[in-house]
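**Q** I'd like to go over a predicted model; first the sequence, then the structure.
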Amino acid sequence: MTSGDPAQPPRRVDRAGIVIAALLAGLAAVLVFDARGLSSTAMYGMGPEAMPVVVASGLALLAIGNFIDALRGNLPARESADPVPVVLILVGLALLIAIIGFGGGFILATSALFVTTSAAFGRRAMLVDSIIALVMSTLIYLAFDRLLTLSLPAGPLERLL
Amino acid sequence: MDTFAALAHGMAVAVQPMNLLYALIGVFLGTAVGVLPGIGPALTVALLLPVTYKLDPGGSLIMFAGIYYGGMYGGSTTAILINTPGESASMATALEGNKMAKAGRGGPALATSAIGSFVAGTIATIGLAFLAPWLVDFAVRFGPEDYFALMCVAFVTVSATFGDSPIRGLTSLFIGLTLGLVGIDKLTGQARLAFGVPELLDGVEVTTLAVGLFAVGEALYVASRRHHSEEKLEPVRGSLWMTREDWKRSWKPWLRGTMFGFPIGALPAGGAEIPTFLSYSTEKRLTKHPEEFGKGAIEGVAGPEAANNASAAGTLVPLLTLGLPTSATAAMMLAGFQQYGLNPGPLLFAERPDLVWGLIASLFIANCMLLVLNLPLVGLWVRLLAIPQPWLYAGVLVFATMGTIAAKPSVVELSMLAGFGVLGFLMRRFDFPIAPVVVGLILGPIAESQLRRALAISLGDPMTLLQSPISATLLALALIALLAPFVLKGLGRFKATED
């Protein structure tokens, strides 16, 4: 359960928990703000604006609940996290989105993601990984685009195939 | 009896050569993906959804049945050979199974979990076949207010009753409900929470959310804590086969595990954790070898594995008869149905009996295929476990994004995938459960439309919810399930101060 064991230092306010509570409250506010723009056309019963308000009330209550948990330091213990790999993978995802967005095609996009993720997990052989990534994504492209006829976005490399 | 005729009809559908092939592909892919560390059955189904896009509904649902059961088998292999249970339901298996593997008894551990899963899966699927028509007869009498009340029960039990913290579980649920609001309101055509982005008008795709939360989130989480520990793969040494003694110690736990797993899984409450842990503690109490528990007791693998598989089949009961997903995996199965515009529930049994019974019959076939596929081929699956972690997760991410790219190759959709990945990472880091988000997204809109329909019929009188006896009972149950953890926690605190 969440109650800390006696060996731990006295509970203190959990800052991350406060941020979570604030985010939930913010989300509730967005819901209410958005619902105000809806016009109720239902003659009987509830219109489209009722459910967002219900969900927003729930979120507001949960924000309070999370806030109390954070004040009491009731959040479960966390291990230290290394931000570098997380950022690397996110860069990979950003690259993928950019390449797809600018018409670079499936193979280049997924290869970029593959190489950055592999680097995030500690690989330092970029060249080897790039070759593996290109071969693998080309095979996936051929298998899914040609055999299963899923349409994957084509770029310069795909047009050569 | 009706059930036998329907089942025979389903068998006739399932044994068509094409459908057998789909089942085989499903079983194969399911095991292969499920065996990868960190990938549980829910993610297996989510990742393989796009593969079935182009098939007809019948074939794809049959492939799904194979993927579902295959993912379960694969997950237990991972739990035994590398101590990484892909989901909490495999935790008990990992506890004893990994110890067995360390002691050089990995073969019998894998065998007892495979055969136990087969036994449990077969019995539970028979249970499903007989329970489902009965529940369907009951469910046709449900009015919209009753459905709404039923969803409330599912919301509460999935998020609050069985988790570590009801507050965090409910927070996850409400994030899911919020995401479910996005898009055009079906009754009035007004856009909610779309912020003028045209891609958001269709709402949030279940697969995008699930793949983002499960696959991308998991990859980010594992990467962030890679410096903590290296996973160690236990090689399978010695005989693969179970000795006479192993059989003697396994068969009763298999049956007991099934008895725990199926009924609890079939309740609209969800969670395979409860039956697996019930089974584990029961076996620990009943064993003639208590000294082995904690050091690799075969009963501790056989029972929980059977319970896990039986409850997986059990969750199909509320899914197929009521359209109610009570686990993340069941939620993904429901997404698979919705992909073809099919809504599981009593109507589907009446309108497409060939589909439903073909699916149920395929579950039997998939189970048999898995037994054959798993015992001799275990060496092949073990080799998959040896893929280096960097390539493994890189491959998983490529495959995960491919699903979205194939379905909707837009920048908005891919950004949502990445955003849900970050959400999944943060939720893992701060210990919020993931499944309630997916269940909230799927069931939220359904619950809303049922409620609005009920209120429209009653001319806006909310008392309609309490006037139907079914609805009143279910709402009372939901309230009890919501308050129980808080009350019990209060009792616990009371006890603690007493000490």
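**A** Structure's in. What do you need? Residues are numbered from 1 along each chain as shown, chains lettered A, B, ... in the order given.

**Q** Check whether B:L193 really touches B:I184, as I assumed.
**A** No. At 10.5 Å, B:L193 does not count as touching B:I184 under the criterion of CB atoms under 8 Å. (Each C-beta comes from the backbone N, C-alpha and C, glycine too.)

**Q** If you count surrounding residues, which of those two has more?
**A** Neighbours per residue (other CB atoms under 10 Å in any protein chain shown) separate B:L193 from B:I184, with B:L193 holding more: 20 against 16.

**Q** List the contacts of that one.
**A** B:L193 makes contacts with A:V30, A:L31, A:D34, A:P52, B:T178, B:L181, B:V182, B:G183, B:L200, as judged by CB atoms under 8 Å, 6 or more residues apart in numbering or on different chains.

**Q** Excluding chain neighbours, what is closest to residue 140?
**A** Just going to use chain A. B:M402 (6.6 Å; CB to CB, 6 or more residues apart in numbering or on different chains).

**Q** let's do chain B instead
**A** Per CB to CB, 6+ apart, closest to B:V140 is B:P346, 4.6 Å.

**Q** quick one: the one you found and B:V158, what's the gap?
**A** 22 Å (CB to CB, to the nearest Å).

**Q** Looking at the two, which one has more neighbours?
**A** A direct count of neighbours by other CB under 10 Å for B:P346 and B:V158 places B:V158 higher, at 33 against 21.

**Q** what does the lowest-mean-pLDDT helix or strand in chain A contact?
**A** The least trusted helix or strand in chain A, going by mean pLDDT, DSSP states H and E, turns out to be helix A:156-160, with a mean of 83. Residues from elsewhere that reach helix A:156-160 (CB under 8 Å, 6+ apart): A:G104, A:G105, A:F106, A:I107, A:L108, A:T138, A:Y141, A:D145, A:L152.

**Q** Only C-alpha atoms, please: export that helix in CSV.
**A** C-alpha atoms of helix A:156-160 as CSV (Å, rounded to 0.1, in the frame of the first residue of the first chain):
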residue,chain,number,x,y,z
PRO,A,156,12.3,9.4,-52.8
LEU,A,157,13.6,6.0,-51.6
GLU,A,158,10.3,4.3,-52.0
ARG,A,159,10.0,5.5,-55.6
LEU,A,160,13.2,3.7,-56.4
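
**Q** Pull the CA coordinates from stretch B:23-41 and hand them back as PDB.
**A** The C-alpha coordinates for stretch B:23-41 follow below in PDB (Å, rounded to 0.1, in the frame of the first residue of the first chain):
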ATOM      1  CA  ALA B  23      -5.600 -18.700 -36.800                       C
ATOM      2  CA  LEU B  24      -2.100 -20.100 -37.400                       C
ATOM      3  CA  ILE B  25      -0.700 -16.800 -38.400                       C
ATOM      4  CA  GLY B  26      -2.400 -15.100 -35.400                       C
ATOM      5  CA  VAL B  27      -1.000 -17.700 -33.000                       C
ATOM      6  CA  PHE B  28       2.400 -17.400 -34.500                       C
ATOM      7  CA  LEU B  29       2.600 -13.600 -34.500                       C
ATOM      8  CA  GLY B  30       1.000 -13.400 -31.100                       C
ATOM      9  CA  THR B  31       3.600 -15.700 -29.500                       C
ATOM     10  CA  ALA B  32       6.400 -14.000 -31.300                       C
ATOM     11  CA  VAL B  33       5.400 -10.500 -30.200                       C
ATOM     12  CA  GLY B  34       4.200 -11.600 -26.800                       C
ATOM     13  CA  VAL B  35       7.500 -13.200 -26.000                       C
ATOM     14  CA  LEU B  36       9.400 -10.000 -26.400                       C
ATOM     15  CA  PRO B  37      10.200  -8.600 -23.000                       C
ATOM     16  CA  GLY B  38       8.000  -5.700 -21.800                       C
ATOM     17  CA  ILE B  39       5.300  -6.500 -24.300                       C
ATOM     18  CA  GLY B  40       2.100  -7.800 -22.600                       C
ATOM     19  CA  PRO B  41      -0.900  -9.200 -24.400                       C
END
